[in-house]
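Asks: need a structure here:
(3 chains)
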Amino acid sequence: MKKAAPAAHANLDGVASLQMPPMVRYLDEDGELLVEEQPMSDELALAGYRVMLRGRRFDERSVSLQRQGRMVTLAPGIGQEAATVGAAMAIDARTDWFVPQYRELAGQLWHGYPLRLAFLWHVGHPIAFQMPGDLKMLPFQAAIAGQLPQAVGLAWGLKLKGDPGVVLAIFGDGGTSQGDFHEAANLAGVMKAPIIFLCQNNGWAISTSVAQQTASETLAQKAVAYGFPGIQCDGNDMFAVYATVREAARRAREGQGPTLVEAVTYRLGLHTTADDPSRYEPRELHDLWVNRDPLRRMQLHLIARGVVDKAALDRIEEEVKDELRVAWDEAQKEPAPDPDFYFGQVHADRSLRLQRQLERFAKDGNG
Amino acid sequence: MAELTVVEAVNQALTLEMARDRRVVVFGEDVGRSGGVFRATDGLFAKHGPDRVIDTPLSEGVIAGAAIGLALAGWVPVAEIQFLGFVHNGFNQVVDQLARVRYRSAGRFSAQVTIRAPYGGGVRAPELHSDGFEAHFAHAPGLKVVAPATPYDTKGLLLASIRDPDPVLFLEPLRGYRQVKGEVPEGDYEVEIGKARIAREGSDVTLIAWSGAVQIALQAADDAQSQGVSVEVIDLRTLVPLDAATLAASVTKTGRAVVLQEAALTGGFGAEVVATIQEEAFFSLQAPIRRVASPDVPYPVQMLEEQYLPNPERVLEAILATTRE
Amino acid sequence: MGRFEFRLPDIGEGLAEAEVAKWLVSVGDRVNEDQPVVEMMTDKATVELPSPGTGVVVEQLASEGDVVKTGAVLYVLETETQIGAATRHPPVAESHARAAVSADAANPGAGVLAPPAVRKLARELGVDLAGVKGSGPGGRISAEDVQKHAAGGGGLPSSTQAPAVGTGQRIRLRGVQKRMAETMALSARTIPHVTGFHEVDAGAFADLAARLRREAESKGARFPFDTLLVRVAAIALRRHPILNASLDEARGEIVMHEDVNVGVATATPDGLIVPVVKHADTLDLDRLAAEVDRVVSAAREGKTSVSDLQGGTFTISNTGSWRGGHGTSLIRPPEVALVAFGRIEDKAVVRDGNVVARPMMPMSVTFDHRVIDGEAGLSFALTLRSLIEDPEQLSR
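Replies: Residues are numbered from 1 along each chain as shown, chains lettered A, B, ... in the order given. Alright, predicted model coming up:
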């Protein structure tokens, strides 16, 4: 039994500091393995690389199209491809749910979200939010951390049903300051919900640095207060993210409840196309992270392993470029949504009041 | 037929539906072992156990948000917010998330969720336990807002709400929980969402009210009758979607309208009712439409409550004034 | 595949304008798709705008340091590839047009105290509430008052009612027609009109119009005949500013307008409306043609926006297409003049002592004699005439 001590005599120094597990890493910045074995086959690694590249080139192309006036404001995920693809690879798209914020496109592509819809998302077409067929994915979420209470409810609901699925819910460093994150984490802990909270710590919430966001040493440690494990992994190392999330998914599936994974990465692009990071981002910091680019790292690794050579990488580039062109062409053929379509998605049945508004709307062009 | 209070009608509907539909789960603060602070969920925990009747953390945001997730997983969640005044902690989840599930996903997902919340004043509760915040939610496209006044309607509308494929905010009249009694059939029945009720027929003035204020309206109508003015009382029962047809038919007949709203005047739901009447029945109007509401003052603590809330005298005054115009 | 006009997109969120920070290529340079062409500075960010296609930059319409409005053409690309459309923006102005045009100009019975139900009853019984004496508080009119009035049992005779009630079909004045009735009545009631009649040789003018139309059509554009008439009026107004004025009766002042905004009287199924071509004196002919086409087409389709009905400083009326000849016209207050043109027809005229057939156009110049004297009016007409008979000065 512990001895009681009056507060005045308690030593509060160091109490805020937690003993956390070390950051999970597999590859160094030049793609060399830091451990004996990589956590996946070479074939799978190459497949992951290809999807990361697809995400990167999609984002670059989208920013260009936005600057030409052909796309709406958008938030690229450049630099964060390993964090989202690595995580998506660690769950099973057949049973598990992917719950995004809005900077996870590369990972969503792995999970089965089509490139054509990704383009439609950036032209502001509502069909992009529909999540085709039975794809286990929730729509993009603009409210920071707003998706997390829903993700917990979903995970809890799967567990109540005895469904084998788990939920991968992704958000950012800024999201950890939201009440929704804390309420969701708390309930997930209480319900032992099968969920992986993947926090992409990309250094910035628009212009707010992580140091201004929280006094916590790490974001991972916030899990401790809610009674489940939190762990950091190198978010620019596809292997590290994959292995960490795979372990978290195993725990969730076996009934051990949630895990918070902090993928330490960096936003190499803009917050959105309406943002200018040069106003607040130290150049040296940016350059430092350019050298930690997740794609470059995986390229070097794959070459060193003899999985690909320079020519094969070039070929993959060309193939990805073709895929993007085809998808953009297809996206442009999508008919514009008519009022009947979006009036029809408010309720299952249309109230008389809404029907009358639609009739007036369609006639006059206003409500 | 048994005579029940409103809260007993809520309990009966939940009991019936949990037995009928195995997908229904009831959760919220203190709804399980304690049976709810108003005993609305009394007996459910004993019958269905902790997997279907769940005490949650004190956390309105995640109660509303998790309801969405549970619905996506195939459950039919009925969440309780202990008092409507506290739902604002979860405002994002109700208004920006729950209300838009179908719309945001362009029809792929929907949320068959009912959020129950007692609301309204007149029972000498502490601060933020009595406010009439219905207008905040009536302004959120995608959310249906139901606000019955009687035990019969409470049961029938709650059953309809739980079965509705879209989210419903179900506002229960706190004042009527124990004070209003009425005949309630034992078995299963639904009252259609989106249909108002003529609570009392009349020919001179239409008086519109909902939830706890309906009792005040009926009292005022009685008082007016003794002064020779025949008042038709409409109990809206559903705020969204609003039954414009019933409003129009009544005002076309009477030519005069008074709207009674317990909440503070400005931006209240009564304004929507007034606007709808003038759109639908303008050329039948013999006089300006009057509103009776609480003043634009935050809901006061107990000693001021009676002065603050609309009472039958103030409503009568408005009825008589409109007949003089 | 042709010229592509690159317009400044809304690259921020609700951006109105941006400054050209730096051109990254020069006129004549070849650019590839996605290659940065220009660096723009907004209050949110400095961004490079890449080219939407491969081609040659043939024109830059702004210099470094210029502030460019969103939607304005920034540069022109001779392209080799098909370029897709920009994101759509809702046509804000158009969407409100119909309601605006059909809105009643004035509120009948304004100033009268009567509840809506009584107003409706009055309308059904054909009773003008202005002539009904209200028996209620403050003179408020009741249903009973209206019924009595309709039965001839009370109230004052209505000044605006027709003296004799016919038995034929009754068509209520409304919308455009009602506005026309009110404007014209005001005009006839208040303005001392003077009209001068002229015959103008329109041979060269008609040839020029035909040539410009062919040129426009070869470019896929349109060139309404009225374009040249608007241009003629605009140039003449610049030379005779007193005809481009208004009378402010209340203050007893003549207001000389800086802009030349020419209204084009247009017959529509609903009645006469006069959409206005703004800055008719400064637009180049292509733009003027496009603008005339736009406002007249919109008027005929009943889609005129409120802004297109406002700000007129002068009016032209061309009745040529339905064989109009000479005629007097009513000025649209507060304008002070207008010109009407009739159909061009061959007529026998004397040229160099010989009788020859010439295509002649009737022209009537009408002016407000309170503001414009006979000499000013005639002088204006002669300017119009010389511009029409020697039209080459118009196409410059």
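
Asks: For residue 118, give me its contacts.
Replies: Assuming you mean chain A. A:Ala118 makes contacts with A:Phe58, A:Leu105, A:Gln108, A:Leu109, A:Ala128, A:Ala327, as judged by C-beta atoms under 8 Å, 6 or more residues apart in numbering or on different chains. C-beta here means a position set from N, CA and C on the backbone, and glycine is covered the same way.

Asks: oops, chain B please
Replies: B:Phe38, B:Ala40, B:Gln82, B:Phe83, B:Leu84, B:Leu171, B:Glu172, B:Pro173, B:Leu174, B:Tyr177 are the contacts of B:Pro118 under C-beta under 8 Å, 6+ apart.

Asks: just those residues that are near chain A?
Replies: Among the contacts of B:Pro118, proximity to chain A is found for none (C-beta under 8 Å from any C-beta of the partner chain).

Asks: Same list, those residues, but as a markdown table with secondary structure please.
Replies: As requested, the contacts of B:Pro118 are exported to a markdown table (DSSP: H, G, I helix; E, B strand; the rest coil):
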| residue | secondary structure |
| --- | --- |
| B:Phe38 | coil |
| B:Ala40 | coil |
| B:Gln82 | coil |
| B:Phe83 | coil |
| B:Leu84 | helix |
| B:Leu171 | strand |
| B:Glu172 | strand |
| B:Pro173 | strand |
| B:Leu174 | coil |
| B:Tyr177 | helix |
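
Asks: ok, and does the host helix or strand of B:Leu70 reach over to chain A?
Replies: When elements are defined using DSSP states H and E, B:Leu70 is found to belong to helix B:60-72. Yes: using C-beta under 8 Å from any C-beta, we find that helix B:60-72 touches chain A at B:Gly61, B:Val62, B:Ala64, B:Gly65, B:Ala66, B:Ala67, B:Ile68, B:Gly69, B:Leu70, B:Ala71, B:Leu72.

Asks: how close does the residue lying closest to the last one once chain neighbours are set aside sit to B:Asp222?
Replies: Yep, that's B:Leu72 we're talking about. The shortest distance from B:Leu72 to any non-neighbouring residue, by C-beta to C-beta, 6 or more residues apart in numbering or on different chains, is to A:Leu154 (5.1 Å). As judged by C-beta to C-beta, to the nearest Å, A:Leu154 and B:Asp222 stand 51 Å apart.

Asks: Same drill for the two, tell me which one is more crowded.
Replies: Counted by other C-beta atoms under 10 Å in any protein chain shown, A:Leu154 and B:Asp222 do not tie: A:Leu154 has more neighbours, with 31 against 14.

Asks: Would you verify that the more buried one is located in a helix?
Replies: Yes: inclusion of A:Leu154 in a helix is indicated when three-state DSSP is applied.

Asks: residues near A:Ala311, how many?
Replies: If you count neighbours by other C-beta under 10 Å, A:Ala311 ends up with 8.

Asks: what about it, which SS state?
Replies: When classified by three-state DSSP, A:Ala311 comes out as helix.

Asks: ok, B:Pro173 - contacts?
Replies: B:Pro173 sits next to B:Val6, B:Pro118, B:Tyr119, B:Gly120, B:Ala147, B:Pro148, B:Ala149, B:Val180, B:Ser211, B:Gly212, B:Val214 when contact means C-beta under 8 Å, 6+ apart.

Asks: What are the boundaries of the helices in chain A?
Replies: Applying DSSP state H to chain A gives helices spanning A:42-67, A:81-89, A:105-111, A:115-122, A:147-161, A:179-191, A:210-213, A:222-225, A:238-253, A:283-290, A:294-304, A:310-332, A:339-343, A:352-364.

Asks: Pick the most buried one from the ones you listed.
Replies: helix A:81-89 (a mean of 32; mean count of other C-beta atoms under 10 Å in any protein chain shown).

Asks: circling back to that earlier point, could you dump the contacts of B:Pro173 to CSV with pLDDT?
Replies: As requested, these are arranged in CSV below (pLDDT from 0 to 100):
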residue, pLDDT
B:Val6, 96
B:Pro118, 95
B:Tyr119, 94
B:Gly120, 92
B:Ala147, 98
B:Pro148, 98
B:Ala149, 97
B:Val180, 93
B:Ser211, 97
B:Gly212, 95
B:Val214, 97
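
Asks: For the residue of the stretch 251-367 of chain A at minimum distance from chain C, grab the count of nearby residues.
Replies: Relative to chain C, the nearest point of the stretch 251-367 of chain A is A:Asp276 (3.1 Å; C-beta to the nearest C-beta). For A:Asp276, the count of nearby residues is 19 (other C-beta under 10 Å).

Asks: pretty sure it is in contact with C:Lys44, am I right?
Replies: Yes: using C-beta atoms under 8 Å, A:Asp276 makes contact with C:Lys44 at a distance of 6.3 Å.

Asks: before we move on, what SS does the closest residue to chain B within chain C have?
Replies: Relative to chain B, the nearest point of chain C is C:Lys120 (3.8 Å; C-beta to the nearest C-beta). On the three-state scheme (three-state DSSP), C:Lys120 is labelled helix.

Asks: wait, it sits on B:Phe283?
Replies: Yes: the pair C:Lys120 / B:Phe283 is scored as a contact, 3.8 Å apart, by C-beta under 8 Å.

Asks: May I have the top strand by length along chain B exported as PDB, CA atoms only?
Replies: The longest strand of chain B (DSSP state E) is strand B:257-264. In PDB, the C-alpha atoms belonging to strand B:257-264 read as follows (Å, rounded to 0.1, in the frame of the first residue of the first chain):
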ATOM      1  CA  ALA B 257     -53.000  34.800 -35.900                       C
ATOM      2  CA  VAL B 258     -51.000  34.800 -32.700                       C
ATOM      3  CA  VAL B 259     -47.800  32.800 -32.300                       C
ATOM      4  CA  LEU B 260     -46.800  31.700 -28.900                       C
ATOM      5  CA  GLN B 261     -43.200  30.800 -28.300                       C
ATOM      6  CA  GLU B 262     -41.600  30.100 -24.900                       C
ATOM      7  CA  ALA B 263     -38.100  31.000 -26.100                       C
ATOM      8  CA  ALA B 264     -36.700  34.500 -26.300                       C
END
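
Asks: can you give me the mean pLDDT across that strand?
Replies: Averaged across strand B:257-264, the pLDDT comes to 97.

Asks: That'll do, ta.
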